[in-house]
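Trainee: Show me the folded form of this:
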Amino acid sequence: MKAAQLYRNTMGKPVPSERLIKHRKHFSESVMVSVAVSKTGKTKVHFIDKGTKVDGRYYREMLLQNRLLPDIRQLCDEEFVFQQDGAPSHRAKLTVEFLQQNVPNFIEPLKLQRRRSVDTSIVQCSHDQ
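Mentor: Here you go, the predicted model:
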């Protein structure tokens with residue numbers, strides 16, 4: 001059987017080769033960015049170079065210290081609450097310590113909060129509000 005005979009429409013007629021998808025990626029290439037968003041606006045969008053491993057050190061030194069926090073302070077001064085998701089670089093012990101020391105209000109990633117007792121979490125939430 002010839003390859004061209006494998007491609008037939010529902011009427012049994014051959015499909016012209018220019019209508020065939022010859023190469024298609026299943027997913028588009030990904031782009032990693034870091035940005036802060038608030039009711040007062042957003043920071044610059046910081047693109048992370050392809051192939052960069054965003055570990056705790058890169059996140060703290062390159063993104064937080066040198067890009068995001070300066071942008072946030074320019075946008076909000078010191079009146080902000082910093083919250084992030086539970087990505088490994090976000091919940092790294094040194095990252096959490098860095099944020100506790102360098103931002104006015106910081107909501108810890110969920111996985112760290114779950115380790116605490118219920119009573120401690122309630123006191124901290126009440127105190128922070």
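
Trainee: which helices and strands sit right next to the helix or strand residue 101 falls within?
Mentor: Assessed by DSSP states H and E, residue 101 sits inside helix 93-102. Helix 93-102 makes packing contacts with helix 56-58 when contacts are defined by 3 or more CB pairs under 8 Å, 6 or more residues apart in numbering; DSSP states H and E. For glycine as for every other residue, the C-beta is placed from the backbone atoms N, C-alpha and C.

Trainee: and the following helix or strand past the helix it packs on, what other elements does it pack with?
Mentor: Remark: after helix 56-58, the chain's next helix or strand is helix 69-76, criterion DSSP H and E. Helix 69-76 is packed against strand 37-38, with contacts defined by 3+ CB pairs under 8 Å, 6+ apart.

Trainee: just to revisit the earlier point, with just CA atoms, put the helix holding residue 101 into PDB.
Mentor: In PDB, the C-alpha atoms belonging to helix 93-102 read as follows (Å, rounded to 0.1, in the frame of the first residue of the first chain):
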ATOM      1  CA  LYS A  93      14.100  27.500  54.300                       C
ATOM      2  CA  LEU A  94      16.600  30.300  53.400                       C
ATOM      3  CA  THR A  95      14.000  31.900  51.100                       C
ATOM      4  CA  VAL A  96      11.500  32.000  53.900                       C
ATOM      5  CA  GLU A  97      14.100  33.500  56.300                       C
ATOM      6  CA  PHE A  98      15.100  36.100  53.700                       C
ATOM      7  CA  LEU A  99      11.500  37.200  53.200                       C
ATOM      8  CA  GLN A 100      10.800  37.300  56.900                       C
ATOM      9  CA  GLN A 101      13.800  39.700  57.300                       C
ATOM     10  CA  ASN A 102      13.300  41.800  54.100                       C
END
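
Trainee: just checking, next helix/strand downstream of it?
Mentor: Using DSSP H and E, the helix or strand that directly follows helix 93-102 along the chain is strand 105-107.

Trainee: Next, the buried residues of that next one.
Mentor: Residues of strand 105-107 classed as buried by neighbour count (16 or more other CB atoms under 10 Å): residue 106.
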